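# take this sequence and fold it.
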Amino acid sequence: MKGWIKLHRILIKKSIWIKSTPEQKTILITILCLANHEKNQWEWMGNKFEVEPGQFITSLDSLAKESGKGISTQNVRSAIKRFEKLDFLTNKSTKEGRLITICNWETYQQLKDEINKPDNKGLTNGQQRGNKVVTPNKNDNNDKNETSINIPFDEFWNLYDKKMGDKSACEKKWQKLKDSDRSKIISTLPDFKQQFSEKQYQPFPATYLNQKRWNDEIIKGKQTYSIKDL
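As a prediction, the model looks like this:
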């Protein structure tokens, strides 16, 4: 299995990571690694099957094996149930196996220059039956040094607790930001909000974006530091 996936650092601040057991974290990363990056088709016993980006077919036993030493089938079963409740994935049993679909896969994984890229040819019968899991095929970008971090606007909006002002105007401003600025906003916004003991003094979301407040100096504990230096 070759290729790579994107793993945004904001994950460590999410409930799906913070409240997961070590076994569930291992299974989470394994699921991300196994998901197909592009649509795949194959034929089995005269029938055609297809998986979309962010999907793969597996079984509880296979996923436990892929996750490595110390991961049991029961660990996998419990993790999948929890991930479903958190809307990270959907899980559907089929005659061919268990179809796992990662929610919002394209939002976080698809590169801008791949949107119009044609689908690759399907896997052969032997490959599909032998592996039991559809093989990810993101192999053509290994030499690229830069990738796009397409952080959705709703992630900023949900994190910004003072939801006042024109949301649509904020979203337009968000779409014009550089990927590096979006990433910096998401990672530093929690510290920025702590500067305001009373929410009434916190700027509106539009003001925050227009004034590029993510570059403000932040007082964290007794230490003052500039976000520009992070």
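
# any idea how far stretch 79-93 is from the middle of the chain?
Mean C-alpha position of stretch 79-93 versus that of the full chain (Cα atoms, centre = their mean, to the nearest Å) differs by 14 Å.

# residues near Glu106, how many?
14 (other Cβ atoms under 10 Å). Yep, even glycine has a C-beta here, placed from its N, CA and C like the rest.

# go ahead and confirm it touches Pro53.
Yes. Using Cβ atoms under 8 Å, Glu106 is in contact with Pro53, at 6.1 Å.

# quick one, helices of the chain?
Taking DSSP state H as the test, the helices found in the chain are 15-18, 22-34, 60-67, 73-85, 105-109, 125-131, 153-159, 167-176, 179-193, 205-210.

# can I get those in a markdown table with mean pLDDT and distance to Arg9?
Below are those laid out as a markdown table (pLDDT from 0 to 100; distance: least, Cβ to Cβ, whole Å):
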| stretch | mean pLDDT | distance to Arg9 |
| --- | --- | --- |
| helix 15-18 | 90 | 11 |
| helix 22-34 | 94 | 14 |
| helix 60-67 | 94 | 22 |
| helix 73-85 | 94 | 20 |
| helix 105-109 | 74 | 12 |
| helix 125-131 | 42 | 31 |
| helix 153-159 | 86 | 13 |
| helix 167-176 | 88 | 19 |
| helix 179-193 | 84 | 6 |
| helix 205-210 | 89 | 21 |
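
# those helices: which one's closest to His8?
Closest approach to His8 among the helices of the chain is made by helix 105-109 (6.5 Å; Cβ to Cβ).

# identify the residue nearest Gly97 in space, chain neighbours excluded?
Ranked by Cβ to Cβ, 6 or more residues apart in numbering and with sequence neighbours excluded, the top spatial neighbour of Gly97 is Ile57, at 4.3 Å.

# tell me what the one you found is bridged to.
Counting by DSSP bridges, Ile57 is bridged to Leu99.

# from Phe156, how far off is it?
34 Å (Cβ to Cβ, to the nearest Å).

# which one's more surrounded, those two?
Ile57 (23 against 20).

# hmm, the more buried one is touching Leu99, no?
Yes. With contacts counted by Cβ under 8 Å, Ile57 reaches Leu99, the gap being 5.5 Å.

# which residues do these two both contact?
Counting by Cβ atoms under 8 Å, 6 or more residues apart in numbering, the shared contacts of Ile57 and Leu99 are Val51.

# of all the helices of the chain, which lies closest to Asp216?
The nearest among these, by Cβ to Cβ, is helix 179-193 at 6.8 Å.

# buried residues in that closest one?
Across helix 179-193, burial judged by 16 or more other Cβ atoms under 10 Å covers Asp181, Arg182, Ser183, Lys184, Ile185, Ile186, Ser187, Thr188, Leu189, Phe192.
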